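Trainee: Got a predicted model here, sequence first, then my questions.
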Amino acid sequence: MSRLRTFVRNGPPAREFFVIQSFFLQCSEFYGSDHFDLHRYNVPILVLPSQPLLLHLSGMAPKMRTRGTTRTLQSSNDEETKTNAHSEDSPLEVGQAVRGKRKGTGKQESSKAKKSPVQPQYCHWLMKSEPESRLENGIDVKFGIEDLKTLPNQTGCWDGVRNYQARNFMRDMKEGQHAFFYHSNCKEPGIAGVMKIVKESYVDHTQFDKKDVHYDASSKADNPKWSMVDVQFERMLKRFIPLSELKKIHLQHKAKGGSLNGMALFTRARLSVQPLTSEEFEFVLSLEDNDPL
């Protein structure tokens, strides 16, 4: 079967006609000059030598061509390639179809350009824990930096985190990175020392322990919600840096600019695991050599 496609410009949608090759062989005497009727389709056909066939709907006079509708006829092979490539498109001018596709591509590119910026990659952290005894469901949740020092190899798991953002920060931690051990929910909160991440995030087992204060009945073994990391004590700071001192510096830097201007300890205070920029970490570390404010 030979497939011939007709485009009626500025008129009704085009129609496709299929003509049996053998029929053309029977009408070969007309090739090159004459005009004959396809009575089966009621379509007059003009056959020109070495040129594609041009079909017009019977009884429909061609309309005036307007600007932008001129189109060079190509070989039947090219015509079929276009038909296959644009089979889902309406029979518009090729130029119009291309322009339409270009517009769509532009929208996609612009939408990609509007994607949110890449989140910063942190390599320092501040992790809070309670150094003073507090019973919760009959269990003492106390765990200070002195407790970490007493563990074998001065290493322990940082379990019990039940905030999604804090959990995600722990999942971003890499082995060898450093974190401040921050004493919270106590008489004088502040930074006590430095510890190192020695094992990257893995499943927090306490979420499945019904006897543990951090048990989560909604978390399933095949799809656990919570993670933890292992930390190792590295050293105590030369002096304890209290929250009150950090807050004074933060307010100064917020007013006049400085390293602690956007410190998460004040912008995301409720998080028990917080990211620090390298600049923030180094600045806080330098405070141990200074006199208290």
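Mentor: The structure has been received and is ready for your questions.

Trainee: Report the buried residues of stretch 150-168.
Mentor: Residues of stretch 150-168 classed as buried: Gly156, Trp158, Asp159, Gly160, Val161, Arg162, Ala166, Arg167 (neighbour count, 16 or more other CB atoms under 10 Å). Where you see a C-beta, it was placed from the backbone N, CA and C, and this is true even at glycine.

Trainee: in this structure, which spans are strands?
Mentor: 2-5, 16-19, 35-38, 43-46, 54-55, 124-129, 135-136, 139-140, 155-157, 178-183, 190-203, 227-242, 273-276 (DSSP state E).

Trainee: Tabulate those strands (a markdown table), appending mean pLDDT.
Mentor: A markdown table is the format used below for the strands of the chain (pLDDT from 0 to 100):
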| stretch | mean pLDDT |
| --- | --- |
| strand 2-5 | 44 |
| strand 16-19 | 43 |
| strand 35-38 | 46 |
| strand 43-46 | 46 |
| strand 54-55 | 42 |
| strand 124-129 | 98 |
| strand 135-136 | 94 |
| strand 139-140 | 94 |
| strand 155-157 | 98 |
| strand 178-183 | 98 |
| strand 190-203 | 98 |
| strand 227-242 | 98 |
| strand 273-276 | 98 |
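
Trainee: Serialize those strands to a markdown table and add fields for distance to Ser259.
Mentor: As requested, these are exported to a markdown table (distance: least, CB to CB, whole Å):
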| stretch | distance to Ser259 |
| --- | --- |
| strand 2-5 | 70 |
| strand 16-19 | 72 |
| strand 35-38 | 85 |
| strand 43-46 | 82 |
| strand 54-55 | 77 |
| strand 124-129 | 12 |
| strand 135-136 | 36 |
| strand 139-140 | 37 |
| strand 155-157 | 30 |
| strand 178-183 | 14 |
| strand 190-203 | 15 |
| strand 227-242 | 14 |
| strand 273-276 | 10 |
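
Trainee: Which one of those lies nearest to Lys210?
Mentor: strand 139-140 (12.2 Å; CB to CB).

Trainee: what residues does that closest one touch?
Mentor: Ser133, Arg134, Asp212, Val213 (CB atoms under 8 Å, 6 or more residues apart in numbering).

Trainee: Mind doing that once more with 6 Å?
Mentor: Ser133, Val213 (CB atoms under 6 Å, 6 or more residues apart in numbering).

Trainee: any idea how far Pro292 is from Lys238?
Mentor: Note on Pro292: its distance to Lys238, by CB to CB, to the nearest Å, is 12 Å.

Trainee: list the residues that contact both of the two?
Mentor: With CB under 6 Å, 6+ apart as the test, Pro292 and Lys238 reach no residue in common.

Trainee: remind me which residues of this structure are low pLDDT?
Mentor: 1-119 (pLDDT under 70).

Trainee: so what are the domain limits for it?
Mentor: Domains of the chain are assigned by automatic domain parsing as 2-88, 124-289.

Trainee: End to end on the longest one, go ahead and measure it.
Mentor: End-to-end distance of domain 124-289: 20 Å, with CA to CA, to the nearest Å as the criterion.
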